[in-house]
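Asker: here you go, sequence then predicted model.
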Amino acid sequence: MGTGTAVAVDPDVATCTLAPRYDAVRTARDFARTSLQHWGLDYLFDDVALVASELVTNALRHAIGEPTAADLSQSPGRASFPIQAGPGQSSESRLPIRISLVHRAPQLVCAVSDPSSVGPVTREADFVAESGRGLHLVDSFSQSWGWHPLASGTGKVVWALFQAADCPSVSSAVLIADAASAGRHRRSA
């Protein structure tokens, strides 16, 4: 499975299918840079790239799984992740990991879909652990984030919202009011 960008019919939506490999994180950052430059939103790159990196890494680690010794030996210097079929799916109908950027002024959404239906879980902050801080970073660098299962019943999408231009401050009450319909997690302040 290769990687590639497909721009939807809507010029404010860009999607990239990612290969289930470690270098998918770099591909996601490159995709974000190109898309943001196209929309004149270069100034959002650092925050969007960090969040995209975390969401894609989570999809690779938790939805696809850690590589086995056999996976690592098949492609020296370039480890591939195994692609797992979802429940009730054959290996031929498995879902890829995709990153999408949607620009609807004054906001930008970065969304990553993956084959797991299990939602992300924010861990207790442990500053000496080597992992477990990704969702804290997503929460810190985006206006809000959340997730929802895909309509097919297999897979999910995890998204993060960014302000793409100066606009009146949105109160946390509005964010909380929208939480019931928009996602499973909301930053409250």
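Answerer: Looks like it came in fine.
Asker: C-alpha only now, for contacts and for neighbours.
Answerer: Will do.
Asker: distance check, Ser116 against Val157.
Answerer: Distance of Ser116 to Val157, given as Cα to Cα, to the nearest Å: 9 Å.
Asker: ugh, wrong one, Gln143
Answerer: 17 Å.
Asker: who has more neighbours, the two?
Answerer: The neighbour count for Gln143 versus Val157, taken as other Cα atoms under 10 Å, is higher for Val157 (25 against 18).
Asker: same for the strand or helix carrying that one, what does it pack against?
Answerer: Using DSSP states H and E, Val157 falls within strand 156-163. Using 3 or more Cα pairs under 8 Å, 6 or more residues apart in numbering; DSSP states H and E, the elements in contact with strand 156-163 are helix 45-58, strand 107-114, strand 144-149.
Asker: what's in contact with it?
Answerer: Residues outside strand 156-163 that contact it (Cα atoms under 8 Å, 6 or more residues apart in numbering): 48, 51, 55, 106-120, 138, 142-150.
Asker: please redo it, this time with the cut-off set to 6 Å
Answerer: Defining contact as Cα atoms under 6 Å, 6 or more residues apart in numbering, one finds that strand 156-163 is touched by 107-114, 117, 142-150.
Asker: those strands in this structure, which residues are they?
Answerer: Taking DSSP state E as the criterion, the chain carries its strands at 4-7, 13-18, 97-104, 107-114, 144-149, 156-163.
Asker: nearest to Arg133, of the ones you listed?
Answerer: strand 144-149 (14.8 Å; Cα to Cα).
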